[in-house]
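# just coords:
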């Protein structure tokens, strides 16, 4: 039996089911049938439809229509049979409907060399480039003034090569005037959140298996820290992640106490958690233990500033300003801000160093 024959048979069976079901209901409404007789008649009709499904399966025919008819009629009586006929009548009108794969490809197009691959390459190479030589991918510029296709490519690239520093660009895309851009950005954030949850579970399992492995501890701590910093997660989850990352960083330092980068991460995380007193105590203890770097000094300056200990801020800047100015990783505006805390002669000296750098 061809496809046209299957459809014709289904139409005949559905029409018959509708007529018989309607007739039975009318008889019941006119008190010609009792409630038990109504139920028996309905079960007989459904049984016949189940037999029709069995015949279709035996002859390896398309089962979707017969199954829909049997299930709908069982649950809704004549309305189910009528609804099946309605669906069959509309089916030809939607043969050209967009398939899911095509719709998904339109939302997340494959990267094109002229935009996405170029940006992705800049992201990959940025990991191996000194920070002061890096130029950030112009995601914000493209999302603010680019075409629809360019914005699509940028969001796709961010999703495939996501780093927490790219989160503000996605949040910017959520406010775009174009609904398509907003939908794509929301879908990208949902995927990133899913990937975050999956990675968290994997790294948590590894940590549970080997809780004293410093590399495993650090991997989980950095993962939680990165997403707490990204701003994509909700506020409560952000706080939970930050507290747990601080705990894991400290556990890691119990095993590798000379890791300056992690010491800095603890101080920075405490500051972002607005625990300024604990951040100050942590950073001061690090300096007393001989772990002193320009970043540790800067975070200590900020913690004291947040605690409104301005005299101590001034003293710290006066003591360490040359070390900070000599570090080209810090933007000029940061060094200029520090210069305002210096006496006038030191200010002239710091401006000279800034110019020379």
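Thanks, I have the structure now. Everything numeric in this text was worked out from a predicted model, so none of it was measured.

# which residues of the stretch 251-357 of the chain score low on pLDDT?
325-330, 343-357 (pLDDT under 70).

# tell me the average confidence for the helix or strand containing residue 197?
For residue 197, the host element (DSSP states H and E) is helix 179-209. Across helix 179-209, pLDDT averages out at 87.

# Name the residues of it that are buried.
181, 184, 185, 188, 189, 192, 196, 200, 203, 206, 207 (16 or more other C-beta atoms under 10 Å). (C-beta placed from N, C-alpha, C; glycine too.)

# Next up, the contacts around the closest residue to the third one other than its chain neighbours.
Yep, that's residue 185 we're talking about. Counting by C-beta to C-beta, 6 or more residues apart in numbering, residue 185 lies nearest to residue 173, which is 3.6 Å off, once chain neighbours are set aside. Shown in contact with residue 173 (C-beta atoms under 8 Å, 6 or more residues apart in numbering): 143, 151, 154, 155, 181, 182, 184, 185, 188.

# So residue 173 versus residue 181, what's the distance?
6 Å (C-beta to C-beta, to the nearest Å).

# intersection of neighbour lists for those two?
Shared contacts of residue 173 and residue 181, defined by C-beta under 8 Å, 6+ apart, comprise 143, 151, 155.

# Look at the first one and report its pLDDT.
What the model reports for residue 143 is a pLDDT of 74.

# quick one: contacts of the helix or strand harbouring it?
Assigned by DSSP H and E, residue 143 falls within helix 139-145. By C-beta under 8 Å, 6+ apart, the residues outside helix 139-145 that reach it are 119, 150-151, 154-155, 158, 166, 168-169, 172-173, 176, 181.

# So which elements touch the helix or strand that comes right after that helix?
Moving toward the C-terminus from helix 139-145, the next helix or strand (DSSP H and E) is helix 148-160. In this structure, helix 148-160 packs against helix 118-126, helix 139-145, helix 167-173, helix 179-209, with contacts taken as 3 or more C-beta pairs under 8 Å, 6 or more residues apart in numbering; DSSP states H and E.

# Residue 246: which of these is closest?
With C-beta to C-beta as the measure, helix 179-209 is the member of the helices and strands packed on helix 148-160 nearest residue 246 (15.0 Å).

# What is the closest one packed up against?
helix 100-107, helix 148-160, helix 167-173, helix 214-230.

# Can you get me the start-to-end distance on stretch 303-317?
With C-alpha to C-alpha, to the nearest Å applied, stretch 303-317 spans 13 Å between its terminal residues.

# Just the residues contacting that stretch, thanks.
With contacts defined as C-beta under 8 Å, 6+ apart, stretch 303-317 is touched by 267, 270-271, 274, 276-277, 279-280, 283, 297, 300-301, 338, 341-342.

# so where's the stretch 1-150 of the chain shaky on pLDDT?
1-3, 92-140.

# Relative to residue 39, which of the helices and strands packed on helix 148-160 is closest?
Among those, the nearest to residue 39 by C-beta to C-beta is helix 179-209 (46.9 Å).

# Turn the helices and strands packed on helix 179-209 into TSV, columns for distance to residue 256.
As requested, the helices and strands packed on helix 179-209 are exported to TSV (distance: least, C-beta to C-beta, whole Å):
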stretch	distance to residue 256
helix 100-107	44
helix 148-160	33
helix 167-173	29
helix 214-230	5
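
# what's the least confident stretch among these?
helix 100-107 (a mean of 56).

# and the contacts of stretch 303-317, which are buried?
Buried among the contacts of stretch 303-317 (16+ other C-beta under 10 Å): 267, 270-271, 276, 279-280, 283, 297, 300-301, 338, 341-342.

# Next step: those restricted to helices.
Secondary structure from DSSP state H places 267, 270, 271, 276, 279, 280, 283, 297, 300, 301, 338 of the buried ones among the contacts of stretch 303-317 in helices.

# so who does residue 70 touch?
Contacts of residue 70 (C-beta under 8 Å, 6+ apart): 46, 49, 50, 52, 53.

# And for the third one, the neighbour number?
By other C-beta atoms under 10 Å, 16 other residues sit near residue 50.

# The last one now?
By the criterion of other C-beta under 10 Å, residue 53 has 18 neighbours.

# hang on, it packs against residue 67?
Yes. Between residue 53 and residue 67 there is a contact under C-beta atoms under 8 Å: 5.9 Å.

# Let me have the buried ones among the contacts of stretch 303-317 in CSV, extended by distance to residue 216.
Shown next, in CSV, are the buried ones among the contacts of stretch 303-317 (distance: C-beta to C-beta, whole Å):
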residue, distance to residue 216
267, 23
270, 23
271, 26
276, 31
279, 26
280, 30
283, 26
297, 31
300, 30
301, 33
338, 38
341, 42
342, 44
